[in-house]
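Trainee: Would you be able to build a 3D model of this:
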Amino acid sequence: TNSIISDNDIGPGAEGGGIRALYSGTILDIYNCTITNNSANGIYGRDASTINVYNSILYNNGPDGNNQIENGGFIRNIFYSLIGGGYSGTNVIDADPLFTGNADTPFSLQDYSPCIGAGLDTTIVPPTDIKGNPRPNPAGSNPDMGAYENTLAAPRHNSFVHVSTTGDDNGSLGLESAPFATIQAAINYSVDGDTILLSPGTYYENINFNGKDVVLSSLYLTTLDRGYISQTIVDGFESGCVFVFENGENSATLNGLTIRNGSGEYPASGSAVITGGGITCWMSSPILSNLIIENNHTNWYGGAIHISDHSNPLVINCIVRGNSANNTGGGFSCTSTDSLKIINSLFVANSSMSGSALELQGGAKGIIVNSTFYGNQASGRGATQVGFGADVDMINSIVWNNSTPQLSFYDFSSTSYLNISHCDIE
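Mentor: Down below sits the predicted model:
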């Protein structure tokens, strides 16, 4: 009870680095113990001995850290315990226990530890921990796993979530010392208001924000070093849209990334969402800032981004290049927006049947400020196409060297407006 069994070395080939139980009739009950960093198995049993484990931690035992329990023919019953690598039992968790590493209490629990409040609350649990602190603490909560009792009733949520291509999703809380491996796992863990920070590298994913109003960014967010934008890549590997906002994400932010190789499509039967190649905004209004959106494709609308159904994203300081659509909107396709804003952005070398850089239709309303449209190619109507009752202001912008006409209107059954002020248009 309330014991730490750690850092024992019994030599190569031996069994039971932490505990060894032998012979029929042997019964060992283990309560709130921490068994870790032993050279061989954390627990080894044989000869029909019985070991019952309650509220304990077995982690990083054996030469590779993955040999917590070795069954040589014994009865083992595991309850409400953390077992590294997992194990059959009741309420067994597989995660990093997040020890503090403090000099005097190295196996006490960080405030983020999944072991906090995760133990079994019964009369068999010792009333104090190894240091004499009350258990459970605070009173009325569930006890912790392991020898030390933290002062919290439940683990703290990590609101600054780290992701790295060398991370691990299994049991991660996204701490800088133990980041997630995938962006989607980080989003799934996060709650509104969190920040997710990506280390440089290429992430091959198709991601849904799932209604989370979080900030997702490269290290550009914390350093303002624009080199991180091109070094932090999210690649859709041509298996779907790279980022999807479709659950009312109205305060989410996507910042400082390169988004490439996404593929959009017309919705399958029963779906309301047409996906763009790089980003889809459907009834959602995220902030899209400091992005490079390149080499995405769709078989329908919006090679880089498809925006629809009263989505009103703010697009600022973005480069949109080399995207394509089989239909319209090689760069952006915008339908039924109320207050779309495109500011300080560059559209270059995008292609489609029409509206090669930008298509605005279906009553789309918005403003384009200090943006440049250059070298976009359409097989039909021009680089920027306006129709179906759209009403858009273009201010302080350049439209040059695109396939002609540079600007075009269509669907003359309804009145559309492109209000141009202080622009340079070829």
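Trainee: For L288, which non-adjacent residue is spatially closest?
Mentor: Sequence neighbours aside, V315 is the residue nearest to L288 in space, at 4.8 Å (criterion: Cβ to Cβ, 6 or more residues apart in numbering). Using the backbone N, CA and C atoms, a C-beta is placed for each residue, glycine as well.
Trainee: any idea of the mean pLDDT in stretch 9-23?
Mentor: Averaged across stretch 9-23, pLDDT comes to 83.
Trainee: what's in contact with it?
Mentor: 5-6, 8, 28, 30, 35, 38-51, 58, 61-62, 70, 72, 74 (Cβ atoms under 8 Å, 6 or more residues apart in numbering).
Trainee: Any of these buried? List them.
Mentor: 5-6, 8, 28, 30, 35, 38-46, 49-51, 58, 61-62, 70, 74 (16 or more other Cβ atoms under 10 Å).
Trainee: Next, the contact list for N67, please.
Mentor: Contacts of N67 by Cβ under 8 Å, 6+ apart are A40, N41, G42, N61.
Trainee: which stretches of this protein aren't confidently modelled?
Mentor: Applying pLDDT under 70 to the chain flags the ranges 267-272, 411-413.
Trainee: Could you pull up the residues touching G389?
Mentor: G389 neighbours (Cβ under 8 Å, 6+ apart): Q361, G362, G363, S414, T415, S416.
Trainee: what do you get for F107?
Mentor: So F107 contacts I4, S6, T34, T36, I57, F99, T100, G146, A147, Y148 (Cβ under 8 Å, 6+ apart).
Trainee: Kindly recompute the last result at 7 Å.
Mentor: I4, S6, T34, T36, F99, G146, A147, Y148 (Cβ atoms under 7 Å, 6 or more residues apart in numbering).
Trainee: Surely the first one and T34 touch.
Mentor: Think I4. Yes. I4 lies in contact with T34 (Cβ atoms under 7 Å); the separation is 4.9 Å.
Trainee: Common neighbours of those two, please.
Mentor: Joint contacts of I4 and T34 (Cβ under 7 Å, 6+ apart) are F107, A147.
Trainee: Please say which of these two ends up with more neighbours.
Mentor: The neighbour count for I4 versus T34, taken as other Cβ atoms under 10 Å, is higher for T34 (29 against 18).
Trainee: so the more buried one sits right up against M145, yeah?
Mentor: No. The pair T34 / M145 is not scored as a contact, 8.5 Å apart, by Cβ under 7 Å.
Trainee: which neighbours do these two share?
Mentor: Common neighbours of T34 and M145 (Cβ under 7 Å, 6+ apart) are S56, I57.
Trainee: that older thread, can you flag which of the contacts of N67 belong to helices?
Mentor: Counting by DSSP state H, the contacts of N67 place none of their members in helices.
Trainee: and the two most separated of those?
Mentor: A40 and G42 (8.4 Å; Cβ to Cβ).
Trainee: List the residues that contact S371.
Mentor: S371 neighbours (Cβ under 7 Å, 6+ apart): I342, N344, S345, L346, S397.
Trainee: Write a PyMOL command that selects only the buried members of the residues you listed.
Mentor: Buried residues within these, by 16+ other Cβ under 10 Å, are selected in PyMOL with:
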select buried, resi 342+345+346+397
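Trainee: And the helices in the stretch 201-350 of the chain?
Mentor: 220-223, 227-231 (DSSP state H, counting those that start in this stretch).
Trainee: Which positions in the shortest one come out as buried?
Mentor: Taking 16+ other Cβ under 10 Å as the basis for neighbour counts, the residues of helix 220-223 that come out buried are Y220, L221.
Trainee: Could you check how far that helix is from the centre of its chain?
Mentor: Offset of helix 220-223 from its chain centre (Cα atoms, centre = their mean, to the nearest Å): 18 Å.
Trainee: just stretch 319-331 next, same as before
Mentor: The answer for stretch 319-331 is 26 Å, by Cα atoms, centre = their mean.
Trainee: returning to what we had before: the contacts of S371 into CSV, with extra columns for distance to I207?
Mentor: Below are the contacts of S371 laid out as CSV (distance: Cβ to Cβ, whole Å):
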residue, distance to I207
I342, 22
N344, 25
S345, 22
L346, 24
S397, 31
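Trainee: Inside strands: which ones of the contacts of S371?
Mentor: Among those, DSSP state E puts I342, L346 in strands.
Trainee: just curious, which of the contacts of S371 is nearest to L254?
Mentor: For these, the nearest to L254 is S345 (13.8 Å; Cβ to Cβ).
Trainee: can I assume the closest one is in contact with L314?
Mentor: No. Judged on Cβ under 7 Å, S345 makes no contact with L314 at a distance of 10.7 Å.
Trainee: what touches both of the two?
Mentor: With Cβ under 7 Å, 6+ apart, S345 and L314 have no common neighbours.
Trainee: where exactly do the strands run in the stretch 51-200 of the chain?
Mentor: Here the stretch 51-200 of the chain has its strands, by DSSP state E, counting those that start in this stretch, at 57-59, 69-72, 75-79, 82-83, 160-163, 195-198.
Trainee: which one of these has the most crowded surroundings?
Mentor: strand 57-59 (a mean of 29; mean count of other Cβ atoms under 10 Å).
Trainee: Direction included, what does that strand pair against?
Mentor: strand 34-36 (parallel), strand 82-83 (parallel) (DSSP bridges).
Trainee: now that strand, how far from the chain's geometric center?
Mentor: The answer for strand 57-59 is 27 Å, by Cα atoms, centre = their mean.
Trainee: now what about that strand, what contacts it?
Mentor: Outside strand 57-59, the residues that reach it (Cβ under 7 Å, 6+ apart) are 34-36, 42-43, 68-69, 81-84, 97, 115, 145-146.
Trainee: so what's the closest residue to V161 other than its chain neighbours up against?
Mentor: Leaving aside its sequence neighbours, V161 sits nearest to G174 (Cβ to Cβ, 6+ apart; 3.4 Å). Listed by Cβ under 7 Å, 6+ apart, the contact partners of G174 are N158, V161, H162, V163, F180, A186, Y189.
Trainee: hang on, the earlier thing: out of the contacts of S371, which comes closest to H422?
Mentor: Closest to H422, out of all of the contacts of S371 and judged by Cβ to Cβ, is S397, at 8.3 Å.
Trainee: The nearest residue to F245 once chain neighbours are set aside: neighbour count?
Mentor: In space, and not counting its chain neighbours, F245 is closest to S284: 3.8 Å by Cβ to Cβ, 6+ apart. S284 has 25 neighbouring residues, counting by other Cβ under 10 Å.
Trainee: Then I124?
Mentor: I124: 14 neighbours (other Cβ under 10 Å).
Trainee: Who are the contact partners of it?
Mentor: I124 neighbours (Cβ under 7 Å, 6+ apart): Y31, Y54.
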